[in-house]
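>>> Structure for the following, please:
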Amino acid sequence: MLWVTLIAVVGIALCFDFTNGFHDTANSIATCVSTRALSPRVAVIWAAGLNFLGAFVSFKVAATIAKDIVNNSLFVGESGLKVILAGLIGAIAWNLATWYLGLPSSSSHALIGGMLGATICAYGLNDGGTQVVYWSGLYQKVLVPSLLAPLLAIPTALFLMLGLLWLIRKRRPDRTNHAFRRLQPLSSGWLAFTHGTNDAQKTMGIIAMALIVSGHLKPNYTTPPIWVIISAASAMSLGTYAGGWRIIRTVGQRITKLEPPKAFVAEATAGSVLWLTAHFGFPVSTTHTVSSSVLGSGAAGSRLAAVRWGVAGNIVIAWLITIPCAALVGAGVQLTTRLPGGVFFALSIALTAAVLALRARSQHLAAGRRDQYGPELGDDGERPRASEVEAKIS
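Sure thing, here's the model as predicted:
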């Protein structure tokens, strides 16, 4: 049954990568869609392609996930694979919940939280004198960077935007907006590329850990197998193409209304911060970084009231509860896998949660379309044609 559990882990890991893609679509394209620099269809395809390419650049984040957070030497055989599987399902469950609610929470924190919960539930905090969780690695490579990334993004975007506003102070706003709309595909592409560099690595790390446990990969590996890289990159890019339309609206307009220059600065800042953290192997939250950059650039030259702090506060709450909530779900699933046929039962739970989330979200979106587009668009509950949606956004 070892190979069956390994296949289940790899499949669920790629499903997590897919949910990460559509959950985080908004991170790289929300601002350029909201400013009409790109149509939604073109923006999603653009982001999907660059997400795929970004996954091939660096593997330091993958190594951090596989080796520096939990003690993978404790994972032995099928029982170890079940722990990994439980952590993944915990992460997916939280991703689906926040996706349905339209909250741009952190897929990275969901994955780390799910793995922590499942590992602690299986082995406790200390397994016969052996350290179970590498608390120093968790603190130095996850918690501190995840806090510093937004704190770096906000003032960087703010001061860059203030400097840009001074440079363009004598130019006509319409010409300025037109120029930065032409530049935004570059900045949004940079952000999508670094998103792939950061987030696709996390799934590679989980699959590499499973291969180590099953004996198919040496613990001292330097680069994941090529099939792992391609499959993780493909799953994320397909998820990106599937899109996350509700989160696009939250990031792109509900935090603060952005003009093209501010959107350009937000994207460029977020992409640069993500590139920096990926270089050091820090699995930070793309969502945190992008939302903070939007806050920083949006606040420049505006009244503080222009930023909808209530929405930003809701996002902060989602950030704070992601790791513990995903950990609880991961622990619960780990207990389930101990039962006879527990792997299949756990997979059934994940599938049921996905179906319910998709169905509920489809109904919610149908109601939202009726409110937004009126009886001529979406009154029958069907999704409007892309051209009609783009015309409405324009």
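>>> Look through the protein and tell me its longest helix.
Longest helix of the chain, by residue count under DSSP state H: helix 173-214.
>>> On the C-terminal side of that one, identify the next helix or strand.
helix 226-242 (DSSP states H and E).
>>> for the record, mean pLDDT for that next one?
Averaged across helix 226-242, pLDDT comes to 87.
>>> which residues touch it?
Outside helix 226-242, the residues within contact range by Cβ atoms under 8 Å, 6 or more residues apart in numbering are 10, 13-15, 17-25, 28, 44-45, 47-49, 51-53, 55-56, 192, 196, 199-201, 203-204, 207-208, 211. C-beta: built from backbone N, CA, C; applies to glycine.
>>> swap the cut-off to 7 Å and go again
14, 17-22, 25, 44-45, 47-49, 51-52, 55-56, 196, 199-200, 203-204, 207-208 (Cβ atoms under 7 Å, 6 or more residues apart in numbering).
>>> Next, find the distance separating residue 77 from residue 215.
Between residue 77 and residue 215 the distance is 9 Å, computed by Cβ to Cβ, to the nearest Å.
>>> Looking at those two, which one has more neighbours?
residue 77 (13 against 10; other Cβ atoms under 10 Å).
>>> separation between the more buried one and residue 164?
On the measure of Cβ to Cβ, residue 77 and residue 164 end up 57 Å apart.
>>> What ranges does the chain have for its strands?
Using DSSP state E, the strands assigned to the chain run over residues 126-127, 130-131.
>>> Now these in JSON lines, please, with extra columns for mean pLDDT.
Output for the strands of the chain, formatted as JSON lines (pLDDT from 0 to 100):
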{"stretch": "strand 126-127", "mean pLDDT": "75"}
{"stretch": "strand 130-131", "mean pLDDT": "82"}
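>>> For those strands, give me JSON lines that also has distance to residue 94 and mean neighbour count.
Rendered in JSON lines, the data for the strands of the chain read as follows (distance: least, Cβ to Cβ, whole Å; neighbours: other Cβ atoms under 10 Å):
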{"stretch": "strand 126-127", "distance to residue 94": "26", "mean neighbour count": "12"}
{"stretch": "strand 130-131", "distance to residue 94": "26", "mean neighbour count": "12"}
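>>> Which among these is found nearest to residue 219?
strand 130-131 (15.5 Å; Cβ to Cβ).
>>> helices and strands around that closest one, which ones?
The contact analysis (3 or more Cβ pairs under 7 Å, 6 or more residues apart in numbering; DSSP states H and E) places strand 130-131 against no helix or strand.
>>> Contacts for that strand next, please.
71, 74.
>>> let's go with 10 Å and repeat that
Residues outside strand 130-131 that contact it (Cβ atoms under 10 Å, 6 or more residues apart in numbering) are 70-71, 73-74, 123, 125.
>>> Can you turn the buried part of those into a PyMOL selection?
Entered in PyMOL, the line below selects the buried ones among the contacts of strand 130-131, by 16 or more other Cβ atoms under 10 Å:
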select buried, resi 70+71+74+123
